[in-house]
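*Asks:* quick check, what structure comes out for this input:
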Amino acid sequence: MIKTNAIFHRKENELNTRECEIEKIIRLNNDEYERFSKNLMRDYDFIRDNADWMRQDSNGVYHCLLVVGKDSNDGILVESEGAYYARYSAFLPNAKPFLEADFQQNATQEVKFYSPLSLKVFNEDDFDDEDIDYTDGEQGMTDMSSSDAVYYKDEILAAIERENTFFETDRGLMEYFDCWHDNSPIIDKVYSAYPTVEEHNGELYGVMVMKVRGELTDDEIVTLKDDWSGQYSDGWGEGFEQREIKIDRGDLYVSFWESGDDYQIQTSDEFFGQGQAPELPIQQKFEEKVKQNYTDCVNNWFTFSNSQLIEKAEEIRLTKEVADDLLNTEWDAGDMEFLMQYKNPLEVISNIRIGAAENCIDIRTDAAVEELQKYPELGENFPLDENYAPPDKSQGIKMSM
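*Replies:* Purely as a prediction, here's the structure:
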């Protein structure tokens, strides 16, 4: 059984709809939305302030606002025609899922904010138990440089991946943003935000990776910097920095925040010190992707039982071999660009080799790549990397009501 809300018309011969475009989304708190939905003919400040967005164009298309409540799944379309009340209105059931799907599809721009990391290592073998005051969180800790941290990048990325499994949706830290910034336009611009780390010039940095629709204003960038700084110090980062990461030198603790006037979160332009962040060579981007793919595979293998490891032994062996081939073969730029279109090129090529092995055919990794280029349908069941697909430049949300 599927439950929803709807407006029913009695004995209507046909339902007349109008094409409309949602120009702006207005988010009200629960009380405001309840009051508005039951008093549509009253004047409202939010309609007055956004009157210029609403009109009927020469083709008869309504350009309107979509008003939604914080906890309501539905919404109300408004075209005021210059008035300060909802002169024309329409009920839109299940507006939230509709908006979510459109938002996810069109948030194709990747925006990154960079920040320094604070890294400390604890190794109890370096101290006598009687010398350590375990009530002091800093006791027994030694600093690790951001350059040394590069050697433990994979372990840190795996730990971040584990931490991010606690998010309830695919929006990452944007799940919590509207709790502190009610009705901020950022809510409708930034779809997702996930912390990670990247190596630049031999040092490891914290990075917030955001999927964005449209351009961020200077004020919005300041708001996001402040919010991510708060998440690093008291939210997501406070939990992450308390979870030890096992390395050969002991327990590594990684913080995305540190006190002091020198700490700052920077945009790509600020971080790289020029108008545009330098484009990484295709080989470096390809290698980073394959390494991350392999790290994900290893983390997955750790969840296998002994019987599963035995059963999957040949697949694991082939996957390791493919990873080694992808990282150590001198590929043409065209080959790497072709493979980069997949989110997980390691999985795609491994799957081809595993399928061939099941039919008693042993093919090399380079031959598997050639097969994929010749028969692209071999990779059609694997997700593509949207960063290498042309963005959807459509404006507004078109629909009929």
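
*Asks:* what's the end-to-end length of stretch 244-253?
*Replies:* 5 Å (Cα to Cα, to the nearest Å).

*Asks:* surely residue 47 and residue 87 touch.
*Replies:* No: using Cβ atoms under 8 Å, residue 47 is not in contact with residue 87; the gap is 9.3 Å. The way it works is simple: take the backbone N, C-alpha and C, and place the C-beta from them, glycine included.

*Asks:* what residues are shared contacts of these two?
*Replies:* Counting by Cβ atoms under 8 Å, 6 or more residues apart in numbering, the contacts common to residue 47 and residue 87 are residue 80.

*Asks:* quick one, which of these two is more surrounded?
*Replies:* Neighbour tally, residue 47 and residue 87, criterion other Cβ atoms under 10 Å: the higher count belongs to residue 47, 22 against 15.

*Asks:* now that one: phi and psi?
*Replies:* phi -80, psi -40 (degrees, to the nearest 10).

*Asks:* regarding residue 357, which helix or strand does it belong to?
*Replies:* For residue 357, the host element (DSSP states H and E) is helix 345-358.

*Asks:* show me what that helix is packed up against.
*Replies:* Contacts defined by 3 or more Cβ pairs under 8 Å, 6 or more residues apart in numbering; DSSP states H and E place helix 345-358 against helix 282-301, helix 313-328, helix 333-340, helix 365-374.

*Asks:* now the angle from that helix to helix 313-328?
*Replies:* With axes from the mean of the first three to the mean of the last three Cα atoms, to 10 degrees defining the directions, helix 345-358 sits at 130 degrees from helix 313-328.

*Asks:* would you convert the helices and strands packed on helix 345-358 into CSV that also reports mean neighbour count?
*Replies:* Below are these laid out as CSV (neighbours: other Cβ atoms under 10 Å):
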stretch, mean neighbour count
helix 282-301, 17
helix 313-328, 17
helix 333-340, 17
helix 365-374, 16
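
*Asks:* redo those helices as a markdown table? Include mean pLDDT.
*Replies:* What follows is those, written out as a markdown table (pLDDT from 0 to 100):
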| stretch | mean pLDDT |
| --- | --- |
| helix 282-301 | 86 |
| helix 313-328 | 90 |
| helix 333-340 | 86 |
| helix 365-374 | 90 |
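
*Asks:* and the helices in the stretch 151-300 of the chain?
*Replies:* Here the stretch 151-300 of the chain has its helices, by DSSP state H, counting those that start in this stretch, at 153-164, 177-180, 218-234, 236-240, 268-272, 282-301.

*Asks:* for the fourth one, which positions count as buried?
*Replies:* In this case it means helix 236-240. Residues 236, 237, 240 are the ones in helix 236-240 that count as buried (16 or more other Cβ atoms under 10 Å).

*Asks:* now those in a markdown table, with distance to residue 96 and pLDDT?
*Replies:* Supplementary listing: the buried residues of helix 236-240 in a markdown table, determined by distance: Cβ to Cβ, whole Å; pLDDT from 0 to 100:
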| residue | distance to residue 96 | pLDDT |
| --- | --- | --- |
| 236 | 24 | 93 |
| 237 | 29 | 91 |
| 240 | 30 | 94 |
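
*Asks:* export those residues to JSON lines and tack on distance to residue 259?
*Replies:* Shown next, in JSON lines, are the buried residues of helix 236-240 (distance: Cβ to Cβ, whole Å):
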{"residue": "236", "distance to residue 259": "18"}
{"residue": "237", "distance to residue 259": "13"}
{"residue": "240", "distance to residue 259": "17"}
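
*Asks:* go through those and name the one nearest residue 290.
*Replies:* residue 240 (25.6 Å; Cβ to Cβ).

*Asks:* how much space separates that closest one from residue 255?
*Replies:* 8 Å (Cβ to Cβ, to the nearest Å).

*Asks:* picking up where we left off before, between the helices of the stretch 151-300 of the chain, which gets nearest to residue 66?
*Replies:* With Cβ to Cβ, the closest approach to residue 66 among the helices of the stretch 151-300 of the chain belongs to helix 177-180: 15.8 Å.

*Asks:* make a markdown table from the helices and strands packed on helix 345-358 and add distance to residue 166 to it.
*Replies:* Below are these laid out as a markdown table (distance: least, Cβ to Cβ, whole Å):
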| stretch | distance to residue 166 |
| --- | --- |
| helix 282-301 | 16 |
| helix 313-328 | 28 |
| helix 333-340 | 29 |
| helix 365-374 | 35 |
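
*Asks:* in stretch 219-233, what's buried?
*Replies:* Neighbour-count burial for stretch 219-233 flags 220, 221, 223, 224, 225, 227, 228, 229, 231, 232, 233 (criterion: 16+ other Cβ under 10 Å).

*Asks:* got it, and stretch 202-216?
*Replies:* Residues 204, 205, 206, 207, 208, 210, 211, 212, 213, 216 are the ones in stretch 202-216 that count as buried (16+ other Cβ under 10 Å).

*Asks:* next: stretch 88-97.
*Replies:* Buried-residue list, stretch 88-97, by 16+ other Cβ under 10 Å: 88, 89, 90, 92, 95.

*Asks:* start and end of that stretch, how far apart?
*Replies:* 23 Å.

*Asks:* just to revisit the earlier point, and of the buried residues of stretch 202-216, the nearest to residue 196?
*Replies:* Taking Cβ to Cβ as the measure, residue 196 lies nearest residue 207 of the buried residues of stretch 202-216, at 5.2 Å.

*Asks:* contacting residues for the closest one?
*Replies:* 112, 113, 114, 115, 195, 196, 197, 198.

*Asks:* roughly how far does it sit from residue 100?
*Replies:* 25 Å.

*Asks:* try residue 253
*Replies:* Residue 253 is 36 Å from residue 100, by Cβ to Cβ.

*Asks:* quick one, which of these two is more surrounded?
*Replies:* residue 253 (19 against 14).

*Asks:* residues contacting the more buried one?
*Replies:* Residue 253 makes contact with 119, 120, 121, 122, 141, 241, 242, 243, 244, 245, according to Cβ under 8 Å, 6+ apart.

*Asks:* the fifth one: neighbour count?
*Replies:* Think residue 141. 16.

*Asks:* can you count the residues close to the spatially closest residue to it that is not a sequence neighbour?
*Replies:* Excluding its sequence neighbours, the residue lying closest to residue 141 (Cβ to Cβ, 6 or more residues apart in numbering) is residue 120, at 4.3 Å. Using other Cβ under 10 Å, residue 120 is surrounded by 18 other residues.
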